[in-house]
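Engineer: sequence-free structure coming up:
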């Protein structure tokens, strides 16, 4: 992508903007966010090769708006775009280069000596240039700090074209100086080489600190920890870790894990999640006896499981939500509907600290035992307590299932889905699965899909599988 013999370098955009995509007023930032500035510094300065540095491209007005004590930006090659003579730009400084256009700058950076000394190229504004180059074909990624304020601005950036870019990472909201904001990275959509299992383009062009923030690494690190440091049981069949936690941001993407080494995986897995969740919402806990086709018994599902090297059993997680789960009714009398109670509290008493969902009756203790919901800032979050689960299939299924439940609850209650927190008491790996999991650990994550729920369906018992759509699985 950034090969030395390329005719033109690609680049990544780094900006911060308000809800209305305002980025400045009177050539100044309309906020004071030291941590956001530090993020900008880290992204544009850090390199994987200590012998190289990055380049930052900016327009003349952006250069002049940079405070004198930060001009030129230290540790980077400052490329200033201007067609006029500007006395404020030092032409004898090795850290500064003047170019007449974005195209000429990218061409120059693709040639020696810059092709050897510059690792990554970042474009930082200003507004008029962003309108031309933020969604342009040569832009690989957009690092956008979304500042949750509406203030007067005279300079604006365009919105991210979501037809061209996937969300890669979105931080949990940060509050600084009374202002709420979050860091987001969007990557340009890439085609797959189907049949090879290899992507045409990897995402290693991202800054390392951003690449490693993909939330799937939390799961991968947990599985690696179980394999490397887990406690072996007496008959040497299970490795386990006690007391684990995973966290996923549901505001922009849906955490359907992407590193399973099988092209059948996303479709099969998603259909299984939807089937199980809708059955449990309806009150059905015996899908076989109800005559409903069980996704994990299909030929495609078995083909997927075989390709992953897993001979799954109920203990291993091919039926992650088992008989004994009582989401709709907590007892046989069917006098108290838990789902209805949760929805009522979210809508009418969102600050209730007891918005809970018990997943079992007293005589049976399934793996998913307890869920609690939390409402703040117009967002609904969910935390589950899971007593025991298998890592290769059970954990990914539970992540997707309870994330889907949270998104459905948020949808019917007219709030935004927030965080999903997964507490696992006993996370374990079957020793016969370790080789397959080690292969999985060699695969880099891809962008999570985006969940779309039919806006016309606002009653939970009216939702059908066709109303729940995952984009790009």
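Structural biologist: Good, I have the coordinates. As the structure is a computational prediction, the values presented were derived from the model and not from experiment.
Engineer: Disregarding flanking residues, what is the spatial nearest neighbour of residue 208?
Structural biologist: Excluding the flanking residues, the one nearest residue 208 by C-beta to C-beta, 6 or more residues apart in numbering is residue 48, at 5.8 Å. Glycine gets a C-beta too; all of them are placed from N, C-alpha and C.
Engineer: Next: residue 210.
Structural biologist: Closest residue in space to residue 210, ignoring its immediate chain neighbours: residue 185 at 5.2 Å, by C-beta to C-beta, 6+ apart.
Engineer: Residues in a beta bridge with the one you found, which ones?
Structural biologist: Residue 185 has these beta-bridge partners by DSSP bridges: residue 143, residue 169.
Engineer: Can I take it that the residue nearest to residue 208 is in a strand?
Structural biologist: No: secondary structure of residue 48 (DSSP: H, G, I helix; E, B strand; the rest coil): coil, not part of a strand.
Engineer: got the domain boundaries for this structure?
Structural biologist: Domain assignment of the chain by automatic domain parsing yields the ranges 11-189, 216-471.
Engineer: Which of the ones you listed has the lowest mean pLDDT?
Structural biologist: The stretch with the lowest average pLDDT out of these is domain 216-471, scoring a mean of 81.
Engineer: pretty sure residue 421 is touching residue 386, no?
Structural biologist: No: counting by C-beta atoms under 8 Å, residue 421 does not reach residue 386; the two are 11.0 Å apart.
Engineer: So which of the two has more stuff around it?
Structural biologist: A count of neighbours by other C-beta atoms under 10 Å puts residue 386 above the other of residue 421 and residue 386, at 24 against 17.
Engineer: element containing the more buried one, please.
Structural biologist: Using DSSP states H and E, residue 386 falls within strand 379-390.
Engineer: moving C-terminal of that strand, what's the next helix or strand?
Structural biologist: Following strand 379-390 in sequence, per DSSP H and E, is helix 394-412.
Engineer: For that next one, name the packing helices and strands.
Structural biologist: Helix 394-412 is packed against helix 216-229, strand 238-249, helix 265-282, helix 338-348, strand 368-376, strand 379-390, strand 416-430, strand 450-453, with contacts defined by 3 or more C-beta pairs under 8 Å, 6 or more residues apart in numbering; DSSP states H and E.
Engineer: Residue 66: which of the ones you listed is closest?
Structural biologist: Comparing the helices and strands packed on helix 394-412 by their distance to residue 66 (C-beta to C-beta), the top pick is strand 238-249, with 31.7 Å.
Engineer: Starting from the closest one, tell me which strands it pairs with and how they run.
Structural biologist: In the sheet, strand 238-249 lines up with strand 231-232 (antiparallel), strand 416-430 (antiparallel) (DSSP bridges).
Engineer: Mind giving me the packing neighbours of the helix or strand just after the last one?
Structural biologist: Moving toward the C-terminus from strand 416-430, the first helix or strand encountered (DSSP H and E) is helix 434-440. Contacts of helix 434-440 with other secondary structure elements, assessed using 3+ C-beta pairs under 8 Å, 6+ apart, are made with helix 216-229.
Engineer: Any buried residues in the helix it packs on, and which?
Structural biologist: Within helix 216-229, the residues that count as buried by 16 or more other C-beta atoms under 10 Å are 216, 218, 219, 220, 222, 223, 226, 227.
Engineer: who touches the last one in this structure?
Structural biologist: Taking C-beta atoms under 8 Å, 6 or more residues apart in numbering as the criterion, residue 227 is in contact with 239, 429, 434, 437, 438.
Engineer: and the second one, what are its bridge partners?
Structural biologist: Just to be clear, that refers to residue 429. Beta-bridge partners of residue 429, as defined by DSSP bridges: residue 239.
Engineer: I'd like the distance between it and residue 71.
Structural biologist: 53 Å (C-beta to C-beta, to the nearest Å).
Engineer: Pick out whichever of these two has more residues nearby.
Structural biologist: residue 429 (21 against 17).
Engineer: So which residues make contact with stretch 105-122?
Structural biologist: 2, 4-14, 43-44, 47-49, 51-57, 77, 79, 81, 97, 99, 138, 205, 207.
Engineer: Flag every buried residue along it.
Structural biologist: Under the neighbour-count criterion of 16+ other C-beta under 10 Å, stretch 105-122 has 105, 106, 108, 109, 110, 114, 115, 118, 120, 121, 122 buried.
Engineer: go on, stretch 447-459?
Structural biologist: Result for stretch 447-459 [16+ other C-beta under 10 Å]: buried residues 447, 448, 449, 450, 451, 453, 457.
Engineer: Report the central residue of the chain.
Structural biologist: Central residue of the chain (C-alpha atoms, centre = their mean): residue 169, 4.3 Å from the mean position.
Engineer: Next one: it relative to residue 99, how far apart?
Structural biologist: 31 Å.
Engineer: what residues are up against residue 210?
Structural biologist: Contacts of residue 210 by C-beta under 8 Å, 6+ apart are 43, 143, 168, 169, 185.
Engineer: Distance to residue 339 added to these, as CSV?
Structural biologist: Output for the contacts of residue 210, formatted as CSV (distance: C-beta to C-beta, whole Å):
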residue, distance to residue 339
43, 43
143, 39
168, 34
169, 32
185, 35
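Engineer: which two of those lie the greatest distance from each other?
Structural biologist: Applying C-beta to C-beta across the contacts of residue 210, the maximum distance is between 43 and 168, 12.9 Å.
Engineer: Between these two, which has more neighbouring residues?
Structural biologist: Legend: neighbour count by other C-beta under 10 Å for residue 43 and residue 168, higher for residue 168 (25 against 20).
Engineer: chain center to stretch 452-467, what's the gap?
Structural biologist: 23 Å (C-alpha atoms, centre = their mean, to the nearest Å).
Engineer: scratch that, stretch 164-177 is what I was asking about
Structural biologist: With C-alpha atoms, centre = their mean, you get 9 Å for stretch 164-177.
Engineer: Give the buried residues for that stretch.
Structural biologist: Judged by neighbour count (16+ other C-beta under 10 Å), stretch 164-177 contains these buried residues: 165, 166, 167, 168, 169, 170, 171, 173, 174.
Engineer: One more: stretch 414-424?
Structural biologist: 415, 417, 418, 419, 420, 421, 422, 424.
Engineer: what's across from the spatially closest residue to residue 427 that is not a sequence neighbour in the sheet?
Structural biologist: Leaving out its chain neighbours, the residue that sits closest to residue 427 by C-beta to C-beta, 6+ apart is residue 244, at 4.7 Å. Beta-bridge pairing for residue 244 (DSSP bridges): residue 424.
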